[in-house]
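Participant: Pasting a predicted model and its sequence here:
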Amino acid sequence: MNAVAKVSRFVGGTFSLWVILFACFGFFMPEVFIPLKGYVSLFLGIVMFGMGLTLSSADFREVFRRPFEVLIGVVGHFIIMPLLAYVLALVLNLPPDIAVGVILVGCCPSGTSSNVMTLLAKGDVALGVSIASVSTVIAPLATPALISLLAGRWMPIDGGALIKDILMVVILPIVLGVIVKTLFKKQAEASAQALPLVSTLAIVLIVAIVVGGSRTKIIESGLLIFAVVILHNLLGYALGYLFAKLFRMNLSKRKAILFETGMQNSGLGATLASAHFNPVAAVPSAIFSVWHNISGSLLATWFARRAEKGAASKTA
């Protein structure tokens, strides 16, 4: 393994720590990151391009092999998280900008880290990858429609502009990544070793830019935003698990759907919020990006240890 691959693997394996570190950088050194605000869409596009480089037909094979289970995961994701966000915004009487920000992140497709958490938790990775891929592909229609439906109570929503942005910063880079991988397979496979490093850098920069640009509002409403983000994420895990259990899925599949439900593409949420709403609306996405990696890692570790104990008791 070459030096770049080793560094990339280390950075990818310590992703949560880098997100927290750069969130702190953004908070305490906003002047460094605010000038980069215009590059948020580019950074997310880089992450999505990397995703395209890693996609294969196997990622969608499960859709045709077990469509009902993938459908449950996708439907659960786009029902549970948006409705949770809407209910929390109403119950907690959130200010309009924060309410829209919470709903926006709730309407995004599955997070880029969810498959890693499913793997660490010894869950059904193939199912998780398929759910994440399908939710991302349908996001240009599902995400704007849900945002318009749920967030319109607080402020006017331009659904057409949201569709255009998602196509430009998510779908187009993914398609370009798939094309590059098809035309230059060997080079794409070689460059894939550096993807965790590049993707991590892009995501942590987005977090730092959003945190830096909203530092004053975080100081004013930070506890409230943290509380609603943590509730949103944890309730998403719980309801995702119960939703899968409702359809009598085994534990491995429930783990996959749990993470695909509770973890969001918060980079997309931050990008859309920065482009279309008050910068404060991007703060829930930035905090979600930090928190869901912490909670996901802890939960995945707990699941893995339970699985190891169960295996040990069977062999004893």
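Facilitator: In hand now; what should we look at? Residues are numbered from 1 along each chain as shown.

Participant: and the gap between the closest residue to Tyr237 other than its chain neighbours and Glu220?
Facilitator: Excluding its sequence neighbours, the residue lying closest to Tyr237 (CB to CB, 6 or more residues apart in numbering) is Gly262, at 3.9 Å. Heads up, the C-betas are built off the backbone N, CA and C, glycines and all. Using CB to CB, to the nearest Å, we find Gly262 at a distance of 27 Å from Glu220.

Participant: Thr301 now?
Facilitator: 34 Å.

Participant: and the helix or strand containing Val32, C-alpha only, in CSV?
Facilitator: Here Val32 sits within helix 30-33, counting by DSSP states H and E. Extracted in CSV, the C-alpha atoms of helix 30-33 (Å, rounded to 0.1, in the frame of the first residue of the first chain):
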residue,chain,number,x,y,z
PRO,A,30,-14.2,32.1,10.7
GLU,A,31,-12.2,34.6,8.7
VAL,A,32,-10.2,31.7,7.2
PHE,A,33,-13.2,29.8,5.8
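
Participant: ok so, going back, more crowded one of Gly262 and Glu220?
Facilitator: Ranked by neighbour count (other CB atoms under 10 Å), Gly262 and Glu220 place Gly262 first, with 29 against 13.

Participant: What separation is there between that one and Lys253?
Facilitator: 15 Å.

Participant: those helices in the stretch 51-200 of the chain, which residues are they?
Facilitator: 57-65, 67-91, 96-106, 114-120, 125-137, 139-151, 159-166, 172-183, 185-191, 195-213 (DSSP state H, counting those that start in this stretch).

Participant: quick one, which of those is nearest to Ser41?
Facilitator: helix 159-166 (7.4 Å; CB to CB).

Participant: counting contacts, what elements does that closest one pack onto?
Facilitator: helix 139-151, helix 266-276 (3 or more CB pairs under 8 Å, 6 or more residues apart in numbering; DSSP states H and E).

Participant: And the next helix or strand past the helix or strand bottoming out on mean pLDDT in the chain?
Facilitator: When the helices and strands of the chain are scored by mean pLDDT, DSSP states H and E, helix 3-13 comes last with a mean of 68. As assigned by DSSP H and E, the chain's next helix or strand after helix 3-13 is helix 15-28.

Participant: Go through that following helix and flag the buried ones.
Facilitator: By neighbour count on 16 or more other CB atoms under 10 Å, the buried set for helix 15-28 is Phe15, Ser16, Trp18, Val19, Ile20, Phe22, Ala23, Phe25, Gly26, Phe27.

Participant: got any ranges where the stretch 151-300 of the chain has weak pLDDT?
Facilitator: 192 (pLDDT under 70).

Participant: wait, what's in contact with Val169?
Facilitator: Ser41, Leu44, Gly45, Met48, Leu268, Thr271 (CB atoms under 8 Å, 6 or more residues apart in numbering).

Participant: With neighbour count as extra columns, can I get those in CSV?
Facilitator: Shown next, in CSV, are the contacts of Val169 (neighbours: other CB atoms under 10 Å):
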residue, neighbour count
Ser41, 18
Leu44, 26
Gly45, 21
Met48, 25
Leu268, 29
Thr271, 26
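
Participant: Let me know the closest of the residues you listed to Val180.
Facilitator: Met48 (12.6 Å).

Participant: And the pLDDT for that closest one?
Facilitator: Predicted confidence (pLDDT) for Met48: 80.

Participant: That one is in what secondary structure piece?
Facilitator: Using DSSP H and E, Met48 falls in helix 40-54.

Participant: For that helix, report the contacting residues that lie outside it.
Facilitator: Against helix 40-54 from outside (CB under 8 Å, 6+ apart): 112, 136, 165, 168-181, 188, 191-192, 195, 198-199, 202-203, 205-206, 209-210, 267-268, 270-271, 274-275.

Participant: Then stretch 72-80?
Facilitator: Outside stretch 72-80, the residues that reach it (CB under 8 Å, 6+ apart) are 107, 109-110, 127-128, 130-131, 134-135, 138, 142, 146, 236, 239-240, 243-244, 247, 249, 256-257, 260-261.

Participant: Also stretch 222-242?
Facilitator: The contact list for stretch 222-242, computed with CB under 8 Å, 6+ apart, reads 76-77, 80-81, 84-85, 88-89, 92, 94, 98, 102, 105-106, 218, 254-255, 257-263, 283-284, 287-288, 291-292, 295, 299.

Participant: are any of the residues you listed buried, and which?
Facilitator: Here, 16+ other CB under 10 Å leaves 76-77, 80-81, 84-85, 88-89, 94, 98, 102, 105-106, 218, 254-255, 257-263, 283-284, 287-288, 291-292, 295, 299 buried among the contacts of stretch 222-242.
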